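**Student:** Kindly generate the corresponding structure for this input.
(one chain, ligands or ions: 4)
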Amino acid sequence: MELQVAKQAVRTASKLAHTVAQHHISSISKSDQSPVTVADFGAQAVIISALKQAFPGDPVVGEEDAAALRADDTLANKVWALVKEAAPHDKNLSERTNLFAAIDAGNYAGSAKGRQWALDPIDGTKGFLRGGQYAVCLALIVDSRVELGVIGCPNLGPRGGLFSAVRGKGAFWEPLFEESTPEKISFRHIESTKDATFCESVESGHSALDTQLKIAQSLGISNPPVQMDSQAKYCSLAKGDADIYLRLPVRMDYEEKIWDHAAGNILITEAGGVVTDMNGNLLDFGKGRTLKDNKGVIAAAKSIHSDVLKAVQKALL
Ligand SMILES: Nc1ncnc2c1ncn2[C@@H]1O[C@H](COP(=O)(O)O)[C@@H](OP(=O)(O)O)[C@H]1O
Ligand SMILES: [Mg+2]
Ligand SMILES: [Mg+2]
Ligand SMILES: [Mg+2]
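**Tutor:** Numbers count the residues shown, from 1 in each chain. Ligands and ions are numbered 1, 2, ... in the order given. The predicted structure follows:
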């Protein structure tokens with residue numbers, strides 16, 4: 001039930017974003033200087049509305065809020081038009097006044113106990129604006145642990161990708177905009193760590209790319225890193241296109257957001273990988289809206305994760 005609802009909601013939001021991407025996209029700047037677009041707002045509205053219909057009692061930790069739309073009628077009308085086109089029969093979104101409430105329902109502070117959804121309506125907004133990778137990411141967290149994750153990647157591969165994982169049931173890929181049977185995916189087998197390929201952010205402000213290059217060299221890796229925006233990185237590892245995703249902090253005071261990692265986390269573990277922070281601890285999704293007890297992210301195949309962790313710790317001593 002949860003999986004079907006989450007997949008359908010992510011498909012609808014991915015389609016909305018993909019439609020916006022066919023035209024010139026403008027963005028506005030949030031208080032932390034990061035960009036947000038009409039597609040981020042629209043995708044958050046359709047997903048939260050679908051969740052509230054299926055699971056009315058479940059709280060949602062979503063990235064965006066409606067403050068900018070309440071203050072700008074033209075912007076609100078643009079988002080409303082996209083939402084009506086993407087979800088014309090949604091009863092929770094029958095009038096424009098419902099739009100703000102749907103988006104603002106993502107304001108949950110997070111909790112260590114019980115169910116909560118983590119939603120990144122567009123992850124990699126900078127990639128979305130550049131015509132690069134971006135991802136619609138939704139995860140169900142129960143008692144601080146991710147139980148289900150769904151990621152829509154409109155630009156990953158010729159047919160896009162809808163990635164999904166449920167704890168204990170494996171990780172799957174299917175084309176994003178067609179109905180077809182999901183295919184099981186997993187990490188690829190590599191003989192030794194030096195044959196691995198890194199996948200990392202495009203943005204040097206999000207991840208310490210220079211340090212990561214030194215760590216790759218210390219592991220004897222000569223393959224150049226593959227850079228891409230968003231949780232498409234987790235998807236690439238899970239389907240065996242790369243082997244290590246490193247995200248080392250640029251600033252030690254930055255707290256990673258739970259919606260930037262929740263869906264990718266279960267995709268990795270269900271595909272045969274391990275995700276820890278740079279101290280080797282599992283990510284704790286029960287600390288509020290951020291991963292405040294974790295610094296950095298290391299995702300890799302089970303067989304090489306401990307080698308990578310050692311190399312990271314040596315480099316940062
Ligand atoms: N200083 C920082 N360090 C790490 N991540 C950051 C950051 N500033 C912003 N981000 C996050 O980086 C995400 C994109 O990651 P990536 O570089 O892997 O594509 C952004 O998600 P959004 O695009 O959803 O805002 C944002 O939440
Ligand atoms: Mg953002
Ligand atoms: Mg994000
Ligand atoms: Mg986002």
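**Student:** And the strands in this protein, which stretches?
**Tutor:** Counting by DSSP state E, the segments of the chain that form strands are 28-29, 35-36, 60-62, 115-123, 135-142, 145-153, 161-166, 171-174, 183-185, 198-200, 226-227, 244-247, 273-276, 297-301.
**Student:** ok, the third one near ligand 3 or not?
**Tutor:** No - no part of strand 60-62 sits close enough to ligand 3 to count as contact by Cβ under 5 Å from the ion; the gap is at least 10.8 Å. The way it works is simple: take the backbone N, C-alpha and C, and place the C-beta from them, glycine included.
**Student:** which residues touch that strand?
**Tutor:** Contact with strand 60-62 is made by 44, 47-48, 51, 103, 105-110, 116-121, 258-259, 289, as judged by Cβ atoms under 8 Å, 6 or more residues apart in numbering.
**Student:** can you rerun that using 10 Å?
**Tutor:** When contacts are defined by Cβ atoms under 10 Å, 6 or more residues apart in numbering, strand 60-62 is touched by residues 40, 43-45, 47-48, 51-52, 102-111, 116-121, 138-139, 141, 257-259, 262, 285, 288-290.
**Student:** Run the chain-centre distance for that strand.
**Tutor:** Centroid separation for strand 60-62 versus its chain: 13 Å, with Cα atoms, centre = their mean, to the nearest Å.
**Student:** one step back: of the contacts of strand 60-62, list those near ligand 1.
**Tutor:** Restricting the contacts of strand 60-62 to those near ligand 1 by Cβ under 6 Å from any ligand atom leaves 120, 257.
**Student:** So which of the contacts of strand 60-62 belong to helices?
**Tutor:** In helices, judged by DSSP state H, the following of those are found: 40, 43-45, 47-48, 51-52, 102-104, 262.
**Student:** What residues does this protein have near ligand 1?
**Tutor:** So the chain meets ligand 1 at 34, 63, 120, 123-125, 127, 201, 203, 205-206, 229-230, 250-251, 254, 257, 260 (Cβ under 6 Å from any ligand atom).
**Student:** go with 8 Å
**Tutor:** Contacts of the chain with ligand 1, taken as Cβ under 8 Å from any ligand atom, map to 32, 34-36, 40, 63, 120-128, 133-134, 200-203, 205-207, 228-231, 233, 247, 249-251, 254, 256-257, 259-260.
**Student:** filter the residues you listed by proximity to ligand 2?
**Tutor:** Among the residues of the chain next to ligand 1, ligand 2 is touched by 34, 125 when using Cβ under 5 Å from the ion.
**Student:** Could you turn the buried ones of the residues of the chain next to ligand 1 into a PyMOL selection?
**Tutor:** To isolate the buried members of these in PyMOL, using 16 or more other Cβ atoms under 10 Å:
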select buried, resi 35+36+40+63+120+121+122+123+124+125+126+127+128+133+134+200+201+202+206+207+228+229+230+231+233+247+249+250+256+257+259+260
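**Student:** re earlier: mind checking which of the ones in helices among the contacts of strand 60-62 are buried?
**Tutor:** Buried members of those, scored by 16+ other Cβ under 10 Å, are 40, 43-45, 47-48, 51-52, 102-104, 262.
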